[in-house]
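# After the sequence you'll find the predicted model.
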Amino acid sequence: MSTSDGTVIGSTQIFGTAPLNRAFNVALLAEGFTAAQQADFNTACGNFVTAFRSTPPYDELSPAINIFRVNVSSTDSGADDPASAGGTGAVVRTYFDATFGANGIRRLLVCNTTTALQVAAAQVPQFTVAVVVVNSPIYGGSGGGVGTYSLASGATEIAIHEMGHTAYGLADEYPYYAGGNETGHDHHPSGEPTEPNVTTNTNRNTLKWRWAVSPTTAIPTMSNPDCSQVDTRPSPVPAGTVGLFEGAHYYHCGGFRPQYDCKMRNLGVPFCQICRQVIWNRISPLATMQARPQTPITVLARYPEHLDVFAIASNGRTMSNWWDQSSGWAGWFQVQGGISAPGGTGSPITAVARYAGHLDLFTVGTDNRVYSAWWDVSSGWHGWFSIGSLVCRSGATVNVVSRYSDHLDLFTTASDGRIMSTWWDVRTGWANWFQLQGGVAAPGATVTAIARYPFHLDVFTVGTDNRVYSVWWDDRSGWAQWFPIGSLLCRPNSTVNVVARFPDQLDLFTTASDGKIMSTWWNARGGWGSWFQVSGGVASPGSPVTAIARYSNHLDLFTIGTDNRIYRTWWHDTSGWAAWFNVSGGVGQSGGQVAALSRVTEHIDLFTVGSDGLVYSTWWDGATGWAGWFGLGIT
Amino acid sequence: MSDVSNSSQHLSIRLIFEYEGEDVRLVTQQPVDILTTGFDVTRTQREGYFVDTRDVSGRTLARVPARGAFQLGAEVFPEHPGEPITRVEAERPRGAFTVIVPVAADADHVSVVQVSPASSDAALPTTRATSQPSEAAQEREIARFPLQLSR
């Protein structure tokens, strides 16, 4: 009973067309099928494909899924079925040595998982999960490193449930260990499980799946009145309601699941919304992402060997991708189920890293309220919660500044154009929103801010008369009054981007009403300069001008021109402004933005939405110059 | 816009481990042309079993979860709808698991590690605001294996 009891015949792809190296690849292995029974295995695999594809969310993820069958002939048919576990006593010679009756339980069907993994790796090197299909009408299966199931009716559900553990790290949501009559499982131990679909936390505001919970859903949604027993009452809420249902993770009480039922709780029912989201975020990064055409992209370097990128998908999903020098690009995933508001270019995700192991994200949701999510290296993602009850302009941007690591300042525009701010401090939490010195922004204008010192803020916007305005705050004197900067007339929806090359210098960049790319500066010795056009540049309607300062005497500017090409220029104190030039042939979207970051001095990373709606990136390195643009997905 | 490849190419390898209790054996190292998504590259210090690629100094270069490893029990599935799924303790945990790890140029070896929470109370922060950093998790190396791949 070993590999001498059969032969590996070969593999055949039976579903999917995704490139093997960027797909979720399922390998189905034949066990206990003789050479003459291979057609039966083929039929069983077809049945699996039907069951798998009809299970949400796999039905939506077909473009990134391949399924293979690996035909293996065994000397005998079926699997061992020990009489000691109530079986027939059959002993058969099969390749993977499958046997019912493990642990004395007939339905516990196991096999040699090492052999199964090795055969799968040899036949389908890129396999993601391996499943052994056992040629027996006796019901059985098991999980672990390899899923195993028999041909009995409904047994494919075992494979799909076990994949939930092996491929996605989902927890069991059932509220018992041995069917409910066990002892020692009345109360879940303290501590938060790491799995995404179970919790011990009953706080609505910190619940790990709070993004999916309606404000009108009670938390807990269902509590077990008698922890010595499993709660068998029907759900008090309509099917599909996401909330907090007591009884999960093998315990009658203290452990909670997101929905009343889920495939991780019972076979034969759909995955709950939270498990579906986890599966979606495992598989969808293998595919490309269509972005909102003009969505501003945010990029951060928490440390020089790492990038976090945030963008909004065409369907409004809040998406992120990250790059690490050691592992490449991770692929796009949805951040905590977030959907951002449409309107204008659509609300972007803005982000800040207060320290290297932490991210804070902000956007305006579909109800036009400001939402935040955060990620910490110690605990992962936590999202989204609303900050106050401010109602913003649909599509507004929330800009954020961290003057020091325990403090955040936010700036955005209310539905009536008022310029609003709030702050968070580690000692006091979130403050109330307040209107910033009576300021009102032009329709579509954003509010930008910079902290030249930890005790100083400079804020900029385009006012209702389409002129650039600024206001500043200093810890010693509080907020000053808004004042106009020159008489430049801007596009109403212009962004005023600002760079501080050193603490007593500001450089401003925006677009005039005719699209000219304009700049001015301020420094502590000479005050404000005059507006001037930068090297004759004109931006496409709605495109902002992105600026970074790699040195205190150097600026790099990026924008999308009237021909929708991506342009760069630079300024150096010894040579002045260079002419605009197209970066590596890049073409973006009219009104789109170019995000730029310098994570090390002689290096620039750029990001934009290309003409086909995909996010692209390129980089410049002092030693090698500009690279070609590449689609940002997974590498 | 042209779509040229990112210059930062990474090798991936599949590792197949066999275990009995906490005795782990690396039975297969196989280069594989597949992309590892961020879903499978761990960025947080969460508890569980993981496989690291490390450089010669022991610095972790990449970490992937070892799902399905060191299973202490097994699920028994009901034959009839509505009957409960149950679990049984394994007589002695044994089995196999596989991971695919990205291998940077300076990767020297792989380590199988267990990460435990810093304290028994790992509850989420209670404030609705952004979080404080918490204590570092405890990490234990279970086994170490040299990488034997030609690049």
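It's in.
# wait, residue A:483 sits on residue A:468?
No. Assessed by Cβ atoms under 8 Å, residue A:483 is found out of contact with residue A:468, at 9.9 Å. All C-beta atoms are positioned from the backbone trio N, CA, C, and that covers glycine.
# quick one: which of these two has more around it?
residue A:468 (24 against 11; other Cβ atoms under 10 Å in any protein chain shown).
# mind checking which helix or strand residue A:72 is in?
Counting by DSSP states H and E, the element that carries residue A:72 is strand A:65-74.
# relative to strand A:65-74, how tilted is the very next helix or strand once past that strand?
Heading C-terminal from strand A:65-74, the first helix or strand you meet, by DSSP H and E, is helix A:113-123. With axes from the mean of the first three to the mean of the last three Cα atoms, to 10 degrees defining the directions, helix A:113-123 sits at 120 degrees from strand A:65-74.
# Now do the phi/psi pair for the closest residue to chain A within chain B.
Residue nearest to chain A within chain B: residue B:38 (2.4 Å; Cβ to the nearest Cβ). Dihedral pair for residue B:38: phi -60, psi -20, per degrees, to the nearest 10.
# ok now do it, which residues does it touch?
Counting by Cβ atoms under 8 Å, 6 or more residues apart in numbering or on different chains, residue B:38 touches A:285, A:321-322, A:330-331, A:333, A:634.
# Sort out for me which of those residues are in helices.
Among the contacts of residue B:38, no residue falls in helices (DSSP state H).
# Low-confidence regions, chain B specifically.
Filtered on pLDDT under 70, chain B yields the residue ranges B:1-10, B:91, B:118-136, B:149-151.
# let's see it at 90
For chain B, the stretches with pLDDT under 90 are B:1-11, B:21-22, B:34-48, B:67-84, B:86-94, B:102-105, B:116-139, B:148-151.
# need the strands for it, in chain order.
With strands called from DSSP state E, chain B shows them at B:11-20, B:23-32, B:48-54, B:60-65, B:73-76, B:86-89, B:94-103, B:109-116, B:138-146.
# Make a markdown table from these and add mean neighbour count and distance to chain A to it.
Output for the strands of chain B, formatted as a markdown table (neighbours: other Cβ atoms under 10 Å in any protein chain shown; distance: least, Cβ to the nearest Cβ, whole Å):
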| stretch | mean neighbour count | distance to chain A |
| --- | --- | --- |
| strand B:11-20 | 20 | 5 |
| strand B:23-32 | 16 | 5 |
| strand B:48-54 | 23 | 6 |
| strand B:60-65 | 21 | 4 |
| strand B:73-76 | 20 | 5 |
| strand B:86-89 | 18 | 5 |
| strand B:94-103 | 24 | 4 |
| strand B:109-116 | 19 | 9 |
| strand B:138-146 | 14 | 12 |
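# Turn these into CSV, columns for distance to residue A:389.
Below are the strands of chain B laid out as CSV (distance: least, Cβ to Cβ, whole Å):
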stretch, distance to residue A:389
strand B:11-20, 48
strand B:23-32, 51
strand B:48-54, 39
strand B:60-65, 39
strand B:73-76, 46
strand B:86-89, 46
strand B:94-103, 44
strand B:109-116, 40
strand B:138-146, 42
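# closest to residue A:143 out of those?
Closest of the strands of chain B to residue A:143 is strand B:73-76, at 5.8 Å (criterion: Cβ to Cβ).
# thinking again about what came up before, in space, what's closest to the residue of chain B closest to chain A - neighbours in sequence excluded?
Closest residue to residue B:38 apart from its sequence neighbours, by Cβ to Cβ, 6 or more residues apart in numbering or on different chains: residue A:330 at 2.4 Å.
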